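**Student:** Here is the input, now give the coordinates:
(4 chains)
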Protein chains: 2
Amino acid sequence: MSGFASTGFSPSRGVGLSPQKALRLWHDVALTRVRGNIGDLTERQMLILLTIYLETPPHTVRGLAAKLDVTKPVITRALDTMGAMGLVSRKRDDADKRNVIIQRTVDGALYVEALAETIVRHAEDLR
Amino acid sequence: MSGFASTGFSPSRGVGLSPQKALRLWHDVALTRVRGNIGDLTERQMLILLTIYLETPPHTVRGLAAKLDVTKPVITRALDTMGAMGLVSRKRDDADKRNVIIQRTVDGALYVEALAETIVRHAEDLR
DNA sequence: GGTATCAATTGCGCTTCCGAAACAATTGTC
DNA sequence: GACAATTGTTTCGGAAGCGCAATTGATACC
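**Tutor:** Predicted coordinates:
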């Protein structure tokens, strides 16, 4: 019994995830990251990084703080840390020199891409 | 390419996830957790919690440390923290009193269940 | 031009985490 | 029963994160 026909949902709706599989996926990805010592980022820092690489630029400290509902120092310090890792970089806004524009880097893109690959791989192992 | 009919697999192959959607899912879940201040757990602590609730018991400090490839104090301290939150509890092994058996709790199950629900919900929003 | 407003950063005190080593309690060995 | 091995915890020094308030530099207002 597919059972989907009556609901009108397409069964190939991209991401259909049971709670059990969702947890297993989270666990497997976390395990890969912890074992590989790639987990040097806080959940907040990870969120900031993903926002920078997923949402459309430009990104400012204030904009990120508002969007993520954290204080500005959190953003500044996260940028310090991730900047030292080479995952992001800063640049003054020429139009309004109060602003700081957060820019993506090659290493940051590779880092995010590696995370995506890890998730996808474990999602495939999950069937 | 469907290509699944010949294999006998159901076309709803559980989790088919593009890299883009994987990152979006990770971002959305992290955002929900950070905004709700539910992110009080380190990635390591989260991994430990999920392992306790996903893998078959019994769990010991040493067993978890070996399985997750972290040192024993990491497990002990994580149990301290999560124990104070009511997410897990400890009990001496009667058979071998050197061992500590880590047990699940109602609150811990609810916490994990809430995480699963968050993931599933955002996965559904993702199509 | 002088003052208020705004963006980002920094200082301060506090908490938490980590790794490595030392430690206490229990069990196995001879 | 003495001694080694095992399990989990604790201690110590150091690093990093957080919230809040103060600070610096730049722009807007009148």
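**Student:** Next one: the top helix by length along chain A, is it in contact with DNA strand D?
**Tutor:** Ordering each helix of chain A by length in residues (DSSP state H) puts helix A:106-124 first. No - using C-beta under 7 Å from any atom of the strand, helix A:106-124 never reaches DNA strand D; the gap is at least 14.9 Å. Heads up, the C-betas are built off the backbone N, CA and C, glycines and all.
**Student:** same deal with stretch A:75-82?
**Tutor:** Yes - against DNA strand D, stretch A:75-82 shows contacts by C-beta under 7 Å from any atom of the strand at A:77, A:78, A:80, A:81.
**Student:** Could you say which helix or strand holds the first one?
**Tutor:** Here residue A:77, judged by DSSP states H and E, is contained in helix A:72-84.
**Student:** For residue B:108, see how far away residue A:60 is.
**Tutor:** Here the criterion is C-beta to C-beta, to the nearest Å. By it, residue A:60 lies 39 Å from residue B:108.
**Student:** Would you mind listing where chain A has pLDDT under the threshold?
**Tutor:** Residues of chain A meeting the criterion pLDDT under 70: A:1-15, A:39.
**Student:** so where do the helices sit in it?
**Tutor:** A:19-35, A:43-54, A:61-68, A:72-84, A:106-124.
**Student:** Now residue A:54: closest residue in space that isn't a chain neighbour?
**Tutor:** residue B:27 (5.5 Å; C-beta to C-beta, 6 or more residues apart in numbering or on different chains).
**Student:** got a list of what that neighbour touches?
**Tutor:** Contacts for residue B:27 (C-beta atoms under 8 Å, 6 or more residues apart in numbering or on different chains) come out as A:47, A:50, A:51, A:54.
**Student:** For the last one, the count of nearby residues, please.
**Tutor:** Residue neighbour count, defined by other C-beta atoms under 10 Å in any protein chain shown, stands at 14 for residue A:54.
**Student:** That one contacts residue B:26, correct?
**Tutor:** No - contact criterion C-beta atoms under 8 Å: residue A:54 and residue B:26 do not qualify, at 9.3 Å.
**Student:** Quick check: the closest residue to residue A:40 other than its chain neighbours vs residue A:70, distance?
**Tutor:** Spatial nearest neighbour of residue A:40, chain neighbours left out: residue A:85 (7.6 Å); criterion: C-beta to C-beta, 6+ apart. Note on residue A:85: its distance to residue A:70, by C-beta to C-beta, is 19 Å.
**Student:** next one: residue A:80
**Tutor:** The gap separating residue A:80 from residue A:70 is 15 Å, by C-beta to C-beta.
**Student:** Neighbour count for those two, which is higher?
**Tutor:** Counting neighbours by other C-beta under 10 Å for residue A:80 and for residue A:70 shows that residue A:70 has the greater number, 17 against 11.
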